[in-house]
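[1] Need coordinates for the below:
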Amino acid sequence: MKKMWAWMLIVILVLGMAPGCGQAERESSQAERSQAEESVGQQSETEVPEDTPLALTFLCQINVDTEGYDVNDNPYINYVREANNLDITLISESANYASKVSTIMSSGELPDYVQLTKALYFQYAQGGLLLELDGMLNETDYPNLMSGVSEEYWGYSKVDGKIYGIPFVRYDTTPYLSYARRDWLDNLGIDPTELKTVDDYYNMLYAFTYQDPDGNGQDDTYGLSSCTGGTARDSVAERYMGMLFLDAFDAANMKVIDGQVTPNYILDGYKDYLAFLAKLYADGIIVPDYITKTQTQTEEEFRNGKYGVLNLFWSLSGLNEMRDNLYPLTPPERVDGSGQSQYVYPTPVRHYIGITTDCEHPEAVLKLYDWSETDEGSVFVHAGVEGWDYDVTDGNLVIREDRVGINWAWRFITLGHQ
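    Residues are numbered from 1 along each chain as shown. Prediction:
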């Protein structure tokens, strides 16, 4: 019996080592599969044309009128794609952009590049989700980008001494102005050119509140309002509401005191500014529930004559139909007698474009923004698309009459370039 089991064991071992069986068969099959996969891969590579557009995803906030077009299928995004040989897919959120960014950036599936406010830019740079660009940025590969963004603003992009994004700078000192209703000024006999001091403005706002500026015989008007709005712009409602007065109290800018950078909001001037706004509120001049209002609600109340002064974009986005009834106000003189105050916006950089650590072609993103600094890119941002927004007549670029002032913001957000 033992001899029989021994012979059976020998047979099994011999069969196991025989060609075409066991490990040899597996190795042969794996080799064949590898050769087949390599052959298919080589075939696929030869079938892909060299000029095939690179695919990129861009997370941005298109919060403007898109004329009913899909953000991924319209003349603007198509032009940018064709001009740069890119297959760009936009991921856009209008109302709750910060939440959208947070959700996507924590999902594990990052876009290739993303539009970020300063706070979000620093957050994701320090969190390791944005590529460090110092070793990539150079004048040889990206001459237009490097010359188009000044050294000062590259400095604004440094996080712990490193650059993680492209800064795009406001072309205007501030996007905001304060407007008064012309009809109320006329009804009350107020000459806005005579408004010089903070007290002059207080008296105008008081009159808007208590002297029946709309002539309806009811006590139903206020001087001033604001909103929270849920965006970075409106998150500090008293600043949004009081930008007319901020610099008058020397409260708009940080200062260097004894060699230390001191934020504006801990300066004595800012405390005086808040005390002035508190007086306006206590005197019933400010719409009492302003803190609960969205920007849309605030603009609608202004349109309907609930209050008389609104701080808004200089472009009057949303209130163009009221343009003839609005008077742009010059800020008052500084309370310390040092001269004329100004509208001051918190930062010259509107937004940053960060390239994420998931991006396989960061050079394609940088080339896109290098193109954006060329004449062709500038014409796109400021004039639009030929044959849709403008025509070229005798060598001159002529904006079409029905496109004047239309959707400049949509173009720059689509591209990501201010």
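[2] Below-threshold pLDDT in this protein: ranges please.
    The chain contains residues with pLDDT under 70 at 1-50, 171-173, 228-240, 315-318.
[3] And for the spatially most central residue of it, nearest residue in space, chain neighbours not counted?
    In the chain, the residue lying closest to the centroid (Cα atoms, centre = their mean) is His351, at 5.0 Å. The shortest distance from His351 to any residue other than its chain neighbours is 5.3 Å, reached at Gln115 (Cβ to Cβ, 6 or more residues apart in numbering). Backbone N, C-alpha and C define where each C-beta goes, glycine included.
[4] neighbouring contacts of whatever helix or strand that neighbour lives in?
    If you go by DSSP states H and E, Gln115 is part of strand 113-116. Here strand 113-116 makes contact (Cβ atoms under 8 Å, 6 or more residues apart in numbering) with 56-61, 101, 105, 124, 165, 351-356, 359, 365, 413, 416.
[5] next SSE after that strand?
    Next along the chain from strand 113-116, counting by DSSP H and E, comes helix 118-126.
[6] Let me know the distance separating the residue nearest to His351 from Ile355.
    12 Å (Cβ to Cβ, to the nearest Å).
[7] So for those two, which residue has more residues nearby?
    Ile355 (27 against 24; other Cβ atoms under 10 Å).
[8] That one in helix, strand or coil?
    Secondary structure, DSSP: H, G, I helix; E, B strand; the rest coil: Ile355 is strand.
[9] Could you tell me how far it is located from Pro53?
    18 Å.
[10] show me where the stretch 1-150 of the chain has strands.
    For the stretch 1-150 of the chain, the strands defined by DSSP state E, counting those that start in this stretch cover 54-60, 86-92, 113-116.
[11] what's the closest of those to Asp272?
    strand 113-116 (33.5 Å; Cβ to Cβ).
[12] State the phi and psi torsions of the residue nearest to Asp134 when sequence neighbours are not counted.
    Ranked by Cβ to Cβ, 6+ apart and with sequence neighbours excluded, the top spatial neighbour of Asp134 is Ile163, at 5.2 Å. Per-residue torsions, Ile163: phi -100, psi 130 (degrees, to the nearest 10).
[13] ok, Ile163 - contacts?
    Per Cβ under 8 Å, 6+ apart, neighbours of Ile163: Glu132, Leu133, Asp134, Leu137, Trp154, Ser157.
[14] Can you say which helix or strand has the residue nearest to the centre of the chain in it?
    strand 349-355.
[15] ok, now Leu280?
    Per DSSP H and E: helix 268-282 holds Leu280.
[16] Also Thr347?
    Short version, using DSSP H and E: Thr347 is in no helix or strand.
[17] I'd say it and Lys118 touch.
    Yes. Contact criterion Cβ atoms under 8 Å: Thr347 and Lys118 qualify, at 6.2 Å.
[18] For Asn311, see how far away the closest residue to Asp336 other than its chain neighbours is.
    Nearest non-adjacent residue to Asp336, counting by Cβ to Cβ, 6+ apart: Asp250, 6.5 Å away. Distance, Asp250 to Asn311, by Cβ to Cβ: 19 Å.
[19] Repeat that for Ala251.
    Ala251 is 15 Å from Asn311, by Cβ to Cβ.
[20] And Thr347 and Lys118? Which one has more around it.
    Lys118 (18 against 12).
[21] Neighbouring strands - and their directions - for the one helix or strand Pro167 maps to?
    Using DSSP H and E, Pro167 maps to strand 165-169. According to DSSP bridges, strand 165-169 forms sheet pairs with strand 349-355 (antiparallel).
[22] immediately after the strand it pairs with, which helix or strand?
    Downstream of strand 349-355 (by DSSP H and E), the next one is helix 362-372.
[23] That next one packs against which elements?
    Applying 3 or more Cβ pairs under 8 Å, 6 or more residues apart in numbering; DSSP states H and E, we find helix 362-372 packed against strand 54-60, helix 75-84, helix 143-148, strand 349-355, helix 375-383.
[24] relative to strand 349-355, how tilted is the first one?
    With axes from the mean of the first three to the mean of the last three Cα atoms, to 10 degrees applied, the angle from strand 54-60 to strand 349-355 works out at 140 degrees.
[25] who's in contact with strand 54-60?
    85-92, 100-101, 104, 111-115, 359, 361, 364-365, 413-414, 416.
[26] just to revisit the earlier point, mind giving me TSV with the contacts of Ile163 and columns for neighbour count?
    As requested, the contacts of Ile163 are exported to TSV (neighbours: other Cβ atoms under 10 Å):
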residue	neighbour count
Glu132	14
Leu133	19
Asp134	14
Leu137	16
Trp154	17
Ser157	23
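[27] Check those residues and tell me the two furthest apart.
    Glu132 and Trp154 (13.3 Å).
[28] follow-up on the earlier one: against Asp389, how distant is the residue nearest to Asp134?
    34 Å.
[29] Next: Met146.
    29 Å.
[30] Over to Gly242?
    37 Å.
[31] This protein - how does it break down into domains?
    Domains of the chain are assigned by automatic domain parsing as 54-170+348-415, 176-328.
[32] From the opening residue of the first one to its closing one, how far?
    When the termini of domain 54-170+348-415 are compared using Cα to Cα, to the nearest Å, they are 16 Å apart.
[33] For that domain, what is the distance to the chain centroid?
    A distance of 9 Å separates the centroid of the chain from that of domain 54-170+348-415, by Cα atoms, centre = their mean, to the nearest Å.
[34] related to what we said a few turns ago, buried ones among the contacts of strand 54-60?
    86, 88-92, 100-101, 104, 111-115, 359, 364-365, 413-414, 416 (16 or more other Cβ atoms under 10 Å).
[35] Mind telling me what element the residue nearest to Val64 when sequence neighbours are not counted is part of?
    Distances taken as Cβ to Cβ, 6+ apart place Ala409 nearest to Val64, at 4.4 Å, with adjacent residues excluded. Under the criterion of DSSP H and E, Ala409 resides in helix 408-415.
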